[in-house]
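Enquirer: dropping a prediction and its sequence here:
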Amino acid sequence: MRAVYLDHAATTPVDPRVRRAMEPYLKTEYGNPSSLHRWGRRARMAIDAARETVAAALNADPAEICFVSSGTESCNLAIIGCALKAPPHRRHILVSAVEHHCVLHAAEWLVPLGYTVEHIPVDRYGQVDPDAVRARIRDETWLVSIMHANNEIGTLQPVEAIARICKERGVWFHVDAVQTFGLLPVDVEVIGCDLLSVSAHKVYGPKGVGALYVRAMTPLQPLMVGGGQERDRRAGTENVAGIVGFAEAVKLAQGMLPTEAERQTALRDEFIRAVLQAVPDASLTGHPTERLPGNAHFRFAGVPSDSLLIALDRAGIAASSGAACSAGSLEPSHVLLALGWDETAAQEGVRFTLGRDTTWDDLAYTVEVLRQEVARIRATRSPARPTAGGRAVSQKTPLR
């Protein structure tokens, strides 16, 4: 059976060069980086070198990089860790309605502690209006968190403009850049954020490692205690092999900028055109141009996403209906609901995300399978199926 992997937003395969860089630290270089002997010192030097690599890619100082276990932990540490440093009269937090659950749930975790969390709405493309942020910041606001790009529909956010507003108002600003780092330029000085989250397994590195950029003087309460690792920001023996692999993946990704993004963008645009032409009542979700290079998210009216994903899997195609950590949930996508979709429509979205090995042959095969399977699933359901024209906000937008 043909195998076509189009779920790179969920995770990417480990690059063989990354695996080779990690291997010594799984075999012979096994020292604890906090130990003073030569084994420990070599492990510490490897972490220091990796920190410099990640920092350089973000245009940050190495001292501002804190290694953690994942993008989720990075966002949790940013949201909860910064919030716990807020004075009692500044416990208001703003997050967009389309954030990843690791941000939304972290913010909700603070509510019983006396914090107020407000969700910033988005437009029909899933974008936050900077003026909407400005209008909601008040004297009590301590922290704003807006993702660089949405993990489901791929829409890019105007984080630079939002950062300027936060700085003007004296509010800390966190950016979840897990989906953009390694594919698009992510420069903390250009963005102007105080905190920024990244992850290794989205950039062909290993699972189980991520990083949080913490601008100097940004208040942060550690959530993991019991040791002084990571400059007292995250206790626990560092994942040396994972951190080394992360750095190697970052080096490789930086070397591919911007050619890989351009390649994926061209493939993505052709794929979108082909799907909209081949499948009746298919509509593109998210911003038509301001989106991740490899993201193509569609609604196929009248076709539940779980039924279509099973059919695609039988044909050897991997896709998803949204965040991988929400797979199996019977709840409609909170991202699609935030766009104004009703619950039925919000359960009809399917995400395809391209990667370095994706070819046009893979996508052409996927288009043909979609054409057949969407028609088959619709034929098995009520003949009075809903059409794309009957929904409020999902759009078939010509690409520009």
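Expert: On my side now, so go ahead.
Enquirer: next up, identify which helix or strand Ile93 is on.
Expert: strand 92-96 (DSSP states H and E).
Enquirer: quick one: residues contacting Trp172.
Expert: Going by C-beta atoms under 8 Å, 6 or more residues apart in numbering, Trp172 touches 82, 142-144, 166, 194-195, 218-219. In this view, the C-beta of every residue, glycine as well, is placed from N, C-alpha and C.
Enquirer: let me know the closest of those to Leu212.
Expert: Using C-beta to C-beta, Leu195 is the member of the contacts of Trp172 that sits closest to Leu212, with 6.5 Å.
Enquirer: so Val175 sits in a strand?
Expert: Yes: counting by DSSP: H, G, I helix; E, B strand; the rest coil, one finds Val175 located in a strand.
Enquirer: what's the burial count for it?
Expert: Number of residues near Val175 (other C-beta atoms under 10 Å) recorded here: 30.
Enquirer: list the beta-bridge partners for it.
Expert: Applying DSSP bridges to Val175 gives these bridge partners: Leu196.
Enquirer: so where is the stretch 251-400 of the chain shaky, pLDDT-wise?
Expert: Scanning the stretch 251-400 of the chain with the threshold set as pLDDT under 70 gives 322-330, 382-400.
Enquirer: please enumerate the strands of it.
Expert: 282-284, 295-300, 317-318, 349-353 (DSSP state E, counting those that start in this stretch).
Enquirer: so for Ala249, which of those sits nearest?
Expert: Of the strands of the stretch 251-400 of the chain, the one closest to Ala249 (C-beta to C-beta) turns out to be strand 349-353, at 17.2 Å.
Enquirer: how is the protein divided into domains?
Expert: Domain ranges of the chain: 4-11+258-390, 16-255, per automatic domain parsing.
Enquirer: other residues contacting the strand holding Ile93?
Expert: Contacts of strand 92-96 (C-beta under 8 Å, 6+ apart): 79, 83, 103-104, 107, 110, 115-120, 122, 128, 133, 136-138, 140-147, 157.
Enquirer: wait, doesn't Val128 sit right on Ile146?
Expert: Yes: if you go by C-beta atoms under 8 Å, Val128 and Ile146 touch, sitting 5.8 Å apart.
Enquirer: any residues in contact with both of these two?
Expert: Counting by C-beta under 8 Å, 6+ apart, the residues touching both Val128 and Ile146 are 96, 120, 157, 162.
Enquirer: if we can go back for a sec, what residues sit buried inside the helix or strand just after the strand holding Ile93?
Expert: Downstream of strand 92-96, the first helix or strand assigned by DSSP H and E is helix 101-110. Across helix 101-110, burial judged by 16 or more other C-beta atoms under 10 Å covers 102-104, 106-107, 110.
Enquirer: nearest to Gly227, of the residues you listed?
Expert: The closest of the buried residues of helix 101-110, once distances to Gly227 are taken by C-beta to C-beta, is Ala106, at 22.4 Å.
Enquirer: what sits closest to that closest one if chain neighbours are left out?
Expert: Ile79 (4.0 Å; C-beta to C-beta, 6 or more residues apart in numbering).
Enquirer: so that neighbour belongs to a strand, correct?
Expert: No: under three-state DSSP, Ile79 falls outside any strand and is assigned helix.
Enquirer: that one and Trp142 touch, don't they?
Expert: No: in this structure, Ile79 is not within contact of Trp142 by C-beta under 8 Å, at 10.7 Å.
Enquirer: neighbour-wise, which of the two wins?
Expert: For Ile79 versus Trp142, the count of surrounding residues by other C-beta under 10 Å is larger for Ile79: 29 against 21.
Enquirer: report the contact partners of the more buried one.
Expert: With C-beta under 8 Å, 6+ apart, Ile79 has these contacts: 93, 95, 103, 106-107, 110, 143, 145, 174.
Enquirer: any chance of TSV for the residues you listed, columns distance to Val214?
Expert: Formatted as TSV, the contacts of Ile79 follow (distance: C-beta to C-beta, whole Å):
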residue	distance to Val214
Ile93	17
Val95	19
Val103	16
Ala106	16
Ala107	18
Leu110	19
Leu143	13
Ser145	14
His174	10
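Enquirer: closest to Thr12 out of those residues?
Expert: Val103 (21.4 Å).
Enquirer: correct me if wrong: that closest one contacts Asp176.
Expert: Yes: Val103 is in contact with Asp176 according to C-beta under 8 Å; the separation is 6.0 Å.
Enquirer: now the common contact residues for those two.
Expert: Joint contacts of Val103 and Asp176 (C-beta under 8 Å, 6+ apart) are 75, 145, 147.
Enquirer: the first one against Ser197, yeah?
Expert: Right, Cys75. Yes: counting by C-beta under 8 Å, Ser197 is a contact partner of Cys75 at 4.9 Å.
Enquirer: anything in contact with each of the two?
Expert: Contacts common to Cys75 and Ser197, judged by C-beta under 8 Å, 6+ apart, are 174, 176, 178.
Enquirer: mind checking the SS state of the residue nearest to Arg38 when sequence neighbours are not counted?
Expert: Counting by C-beta to C-beta, 6+ apart, Arg38 lies nearest to Gly31, which is 7.6 Å off, once chain neighbours are set aside. At Gly31 the chain is in coil, as set by three-state DSSP.
Enquirer: ok but Ala21 is inside a helix, no?
Expert: Yes: the assignment for Ala21 is a helix, going by three-state DSSP.
Enquirer: residues near it, how many?
Expert: 22.
Enquirer: also Leu84?
Expert: So Leu84, with other C-beta under 10 Å, has 15 neighbours.
Enquirer: so it touches Leu143, yeah?
Expert: No: if you go by C-beta under 8 Å, Leu84 and Leu143 don't touch, sitting 10.6 Å apart.
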